[in-house]
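S.K.: Can you look at this prediction? I've put the sequence above it.
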Amino acid sequence: MMQNMAPLTCKRPKRSTLAQDPAAVAKWLLGQTIVRVLNDGECLAGTIVETEAYLGVIDQAAHTFGGKRTKRNQSMYAKPGTAYVYFTYGMHHCLNVVCGQLNEPVAVLIRALEPTQGLDTMRKNRQANPARKTRRLLKDHQLCSGPGKLCQALAIDRQMDSIDLLTSDSLLLVQSLYETLPDNQIVNTPRIGVDSAGAWALRPLRWYISDNCHISIRNRHLGE
DNA sequence: ATGACGATTTACT
DNA sequence: GTAAATCGTCATA
């Protein structure tokens, strides 16, 4: 568990940190913070606890497999530190951190956050469109425990696509004051929801913080 | 213009 | 465990 979080300071990562291969960045991002500043100035924040790397043109599970370039995925070709936000399944948004080099379409999907600031607003955002009538209060670990959930909680949609996470005032990546997590607190498994990607579905390109209860539901019991 | 398909979530048997 | 919800995006015509 990430307990006793330091008060939020605004140390921004260097762009060179994100200009690495997506697997390295995915691992590095664990423990860092995503901050969303709403129009009224309210801050919502969470610690990244689960990530997946998408390796671009060679990766059958990536939107840019084979060098595919469309209106939707063009921000994956942008400079490292750019947000790639896409809409899927007719109702969900997903947030990625573009990494690697300019024009090298690789990215890291942010799959789960441990919410640290603005939980009440997150709960409100998550229940804005209740699918079920009698919905009980969402527990903290239900707010950001999935790529679609965290975007709903932080009010992230395609308007945030192509934003620079290192300079933006509305959606920011903030570096932890702590050292990088030790390897024995990081679990590495295959990615979720990419079963149709052949052999690439089996590659261990997902990472999450061991024993953290805010990771996505699926595979919470697996791993190691 | 049309049809197939999701880097998901939720409810339900 | 299975299936429904729901629609932008993309490839094809």
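M.R.: Good, I have the coordinates. Residues are numbered from 1 along each chain as shown, chains lettered A, B, ... in the order given.
S.K.: Quick one: the strands in chain A, in order.
M.R.: A:33-37, A:43-54, A:83-88, A:92-99, A:106-117, A:171-174, A:186-189, A:206-209 (DSSP state E).
S.K.: Please determine how far A:H93 is located from A:N212.
M.R.: When distance is defined by CB to CB, to the nearest Å, A:H93 is 23 Å away from A:N212. C-betas here are computed from N, CA, C, even on glycine.
S.K.: cool, and A:G90?
M.R.: 29 Å.
S.K.: Tell me which of those two has more neighbours.
M.R.: A:N212 (20 against 5; other CB atoms under 10 Å).
S.K.: interface residues of chain A facing DNA strand C?
M.R.: Proximity of chain A to DNA strand C (CB under 7 Å from any atom of the strand) is limited to residues A:68, A:70-73, A:87, A:89-91, A:158.
S.K.: Most neighbours of all those, which one?
M.R.: Result: A:N73 is most packed of the residues of chain A next to DNA strand C (other CB under 10 Å), 18 neighbours.
S.K.: Can you name the residues that contact it?
M.R.: Neighbouring residues of A:N73 by CB atoms under 8 Å, 6 or more residues apart in numbering: A:63-64, A:84, A:86, A:105.
S.K.: Now A:V174: closest residue in space that isn't a chain neighbour?
M.R.: Leaving aside its chain neighbours, A:V174 sits nearest to A:T33 (4.3 Å; criterion: CB to CB, 6 or more residues apart in numbering).
S.K.: Share the number of residues neighbouring that neighbour, please.
M.R.: A:T33 has 24 neighbours, counted by other CB under 10 Å.
S.K.: again, but for A:T189
M.R.: A:T189: 15 neighbours (other CB under 10 Å).
S.K.: so it sits right up against A:A201, yeah?
M.R.: No. Judged on CB atoms under 8 Å, A:T189 makes no contact with A:A201 at a distance of 11.6 Å.
S.K.: Low-confidence ranges, chain A, go.
M.R.: A:1-9, A:129-135, A:218-224 (pLDDT under 70).
S.K.: so which of the residues of chain A next to DNA strand C comes closest to A:K14?
M.R.: A:N73 (25.4 Å; CB to CB).
S.K.: before we move on, back to that, make TSV out of the residues of chain A next to DNA strand C and add distance to A:L55.
M.R.: Below are these laid out as TSV (distance: CB to CB, whole Å):
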residue	distance to A:L55
A:K68	14
A:T70	18
A:K71	22
A:R72	18
A:N73	14
A:F87	22
A:Y89	23
A:G90	27
A:M91	27
A:R158	23
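S.K.: right, and the pair among those with maximum separation?
M.R.: A:K68 and A:M91 (23.3 Å).
S.K.: Name the residues of chain A found near DNA strand B, please.
M.R.: Taking CB under 7 Å from any atom of the strand as the contact definition, chain A meets DNA strand B at A:52, A:54, A:61-64, A:73, A:76, A:84, A:88-92, A:94, A:96, A:107, A:109, A:126, A:130-132, A:135, A:142, A:146-150, A:192-194, A:196, A:216-218.
S.K.: Write a PyMOL command that selects only the buried members of those.
M.R.: Applied in PyMOL, the following selects the buried portion of these according to 16 or more other CB atoms under 10 Å:
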select buried, chain A and resi 52+54+61+62+63+64+73+76+84+94+96+107+109+126+142+146+147+148+149+150+192+193+194+216
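S.K.: picking up where we left off before, contacts only, for the residue nearest to A:V174.
M.R.: A:8, A:45-48, A:116, A:173-176.
S.K.: By neighbours, which of those wins?
M.R.: A:I48 (29 neighbours).
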